[in-house]
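Peer 1: sequence and predicted structure, then a few things I'm wondering about:
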Amino acid sequence: MAQTTNGLIVGMLLFLVASGLSLIFGVLKVINFTHGSLYMMGAFASLYVYRLTDNYFYAVIGGTAAIALFGVLLERLFISRVYKSDILMQLLVCYAWILILDDFVTIVFGAEFQSLGMPETFAVPPVFVFDTPVPPFYIFLITISFAVAVGVWLFMEKSAFGRKVRAAAANSSMTSVLGINTTALYAIVFAVGAALAGFAGALAAPVRSLTSGMGFSILIESFIVTVIGGLGSIIGALVAGILIGLVRSFGSVGFPLFVDGLVFLMMAVVLVIWPNGLFGKRGT
């Protein structure tokens, strides 16, 4: 049960980051390599708010809101200028911001590992699930992440704004002709994607060591989640995130020296059988 819980935690965090990454690429057609750094910034922003307020829930809200706002500024001032550029220019701009944000974190918080620690609210005895002790914070993290997954799916599939986003992803020129303000739409989409990454970082802060550069590993795995689940599919990102989380958790027990290999092997098998991912549409 402990391995399953750890796998679900990793999987849900991966889903939050990967869903934002997939949303940004699906609509803006930009491979946002800065996304892992937004996860890192969310973790450190929540750490800063927590030290000011000593309230973890304020820290999560503040960290998520700060990264959403930063996402708007990043998209309007920099990312929007490379929408129609070749992929190399997009990668250079994003990589530049990875270096900038890593150095920013080092300057502000130092090069040492930081820790938010377990919030006092969750410093209570574990809950027993099938005779296995599970920390209440783990249950909270899994539950809130799943609730966000449902909320994002409903937002994208059932709301009027979600329909506009899907229309812009399919044909941005026609969407603009129909009178939809694509400039504002792109900024909101990037902000939502950034907020999801920042939210994941804020949730992970109590159970992860925080350091400059921590976003790189989750960025790589988020791309794998997007590939396995299928581009633009929220359900696919959720399923793929959980699968990778469980593979990592159980693989660390059975194949401790081949955990990364198992993840990439799973991606290779999925691409051979389903080239568009588990839930991807043909032609994506």
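Peer 2: Happy to help now that I have it.
Peer 1: restrict stretch 92-101 to CA atoms and write it as CSV.
Peer 2: The C-alpha trace of stretch 92-101 is given here as CSV (Å, rounded to 0.1, in the frame of the first residue of the first chain):
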residue,chain,number,x,y,z
LEU,A,92,16.4,29.2,-27.0
VAL,A,93,14.0,31.7,-25.4
CYS,A,94,12.7,29.0,-23.0
TYR,A,95,16.1,27.7,-22.1
ALA,A,96,17.3,31.3,-21.4
TRP,A,97,14.4,31.6,-18.9
ILE,A,98,15.4,28.2,-17.3
LEU,A,99,18.9,29.7,-16.6
ILE,A,100,17.5,33.0,-15.4
LEU,A,101,15.0,31.4,-13.0
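Peer 1: can you give me the mean pLDDT across stretch 251-261?
Peer 2: Stretch 251-261 carries an average pLDDT of 83.
Peer 1: again, but for stretch 124-136
Peer 2: Mean pLDDT, computed over stretch 124-136, is 79.
Peer 1: so which residues of the stretch 51-200 of the chain form helices?
Peer 2: Assigned by DSSP state H, counting those that start in this stretch, the helices in the stretch 51-200 of the chain fall at 56-77, 87-109, 136-158, 160-170, 172-177, 182-204.
Peer 1: so which of those helices is the most packed in?
Peer 2: With neighbours taken as mean count of other C-beta atoms under 10 Å, those reach their highest mean count in helix 182-204, at a mean of 25. C-beta here means a position set from N, CA and C on the backbone, and glycine is covered the same way.
Peer 1: which elements pack onto that one?
Peer 2: Here helix 182-204 touches helix 2-28, helix 35-53, helix 56-77, helix 136-158, helix 160-170, helix 172-177, going by 3 or more C-beta pairs under 8 Å, 6 or more residues apart in numbering; DSSP states H and E.
Peer 1: would you format the ones you listed as CSV with distance to V189 included?
Peer 2: Shown next, in CSV, are the helices and strands packed on helix 182-204 (distance: least, C-beta to C-beta, whole Å):
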stretch, distance to V189
helix 2-28, 5
helix 35-53, 13
helix 56-77, 8
helix 136-158, 10
helix 160-170, 6
helix 172-177, 11
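Peer 1: so where's the stretch 1-150 of the chain uncertain?
Peer 2: Scanning the stretch 1-150 of the chain for pLDDT under 70 picks out 1.
Peer 1: what about the helices and strands packed on helix 182-204, which gets the closest to C94?
Peer 2: helix 35-53 (8.4 Å; C-beta to C-beta).
Peer 1: tell me which of the helices of the stretch 51-200 of the chain lies nearest to G229.
Peer 2: Closest of the helices of the stretch 51-200 of the chain to G229 is helix 136-158, at 11.8 Å (criterion: C-beta to C-beta).
Peer 1: what residues does the closest one touch?
Peer 2: Residues external to helix 136-158 that are found in contact with it (C-beta atoms under 8 Å, 6 or more residues apart in numbering): 5, 8-9, 12-13, 15-16, 19, 23, 118-119, 122, 124, 126-127, 161-162, 165-166, 196, 199-200, 203, 206-207, 234-235, 238.
Peer 1: make it 6 Å
Peer 2: Residues from elsewhere that reach helix 136-158, judged by C-beta atoms under 6 Å, 6 or more residues apart in numbering: T5, L8, I9, M12, S19, F122, V124, V127, G162, L203, I234, L238.
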